[in-house]
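K.L.:
Got a predicted structure here, sequence first:
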Amino acid sequence: MISKETLFALSLFPYLGFLWFLSRSQQMPRLALYGFYGTLVFVGITIPAGIYAQIHYGESLANVDWLHGGAEVFLTLSNILVVLGFRQAVKQLKMKENRES
């Protein structure tokens, strides 16, 4: 049986592929792309935070509020960048459509 840690590690490869394709897309808003890369930063922060929680507190990351909250900040910032990037793209598209009509 595959452990959840192994499954989590393996799930990074499809996400890296997703980022690779997004990076080559000419239609992806740059700010949103930064947000998707920020999700990778969140994962990079969460792994050592989870190890620290396990070693120093004998708990999972979800049970150590200050560590969990600190890691979740990176996910929140990533999500904000994705939303702002797509919002900006939609506004630019609407402005372009208004100029053409």
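P.N.:
Yep, that arrived.
K.L.:
Would you mind checking which helix or strand in this protein has the lowest mean pLDDT?
P.N.:
helix 4-10 (a mean of 79; mean pLDDT, DSSP states H and E).
K.L.:
who touches stretch 26-43?
P.N.:
Stretch 26-43 has contacts (CB atoms under 8 Å, 6 or more residues apart in numbering) with 12, 15-16, 18-19, 22-23, 71, 74-75, 77-86, 88-89. All C-beta atoms are positioned from the backbone trio N, CA, C, and that covers glycine.
K.L.:
Those residues, buried ones only, as a PyMOL selection?
P.N.:
To isolate the buried members of these in PyMOL, using 16 or more other CB atoms under 10 Å:
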select buried, resi 71+74+75+77+78+81+82+85+89
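K.L.:
Name the single longest helix found in this structure.
P.N.:
helix 65-100 (DSSP state H).
K.L.:
ok so, going back, now for the helix or strand following the least confident helix or strand of the chain, which elements pack on it?
P.N.:
Once the chain leaves helix 4-10, the next helix or strand it forms, by DSSP states H and E, is helix 12-24. In terms of contacts (3 or more CB pairs under 8 Å, 6 or more residues apart in numbering; DSSP states H and E), helix 12-24 is packed against helix 30-52.
K.L.:
What angle do helix 65-100 and the helix it packs on make with each other?
P.N.:
170 degrees (axes from the mean of the first three to the mean of the last three CA atoms, to 10 degrees).
K.L.:
starting at the chain centroid, how far to helix 30-52?
P.N.:
Relative to the centre of its chain, helix 30-52 is centred 5 Å away, using CA atoms, centre = their mean, to the nearest Å.
K.L.:
secondary structure element for residue 28?
P.N.:
In this assignment (DSSP H and E), residue 28 forms part of neither any helix nor any strand.
K.L.:
residues in contact with residue 75?
P.N.:
39, 42.
K.L.:
pLDDT at it, what is it?
P.N.:
In this model, residue 75 is scored at 96, pLDDT.
K.L.:
State the distance from it to residue 64.
P.N.:
Distance of residue 75 to residue 64, computed by CB to CB, to the nearest Å: 16 Å.
K.L.:
for residue 24, same thing?
P.N.:
When distance is defined by CB to CB, residue 24 is 39 Å away from residue 64.
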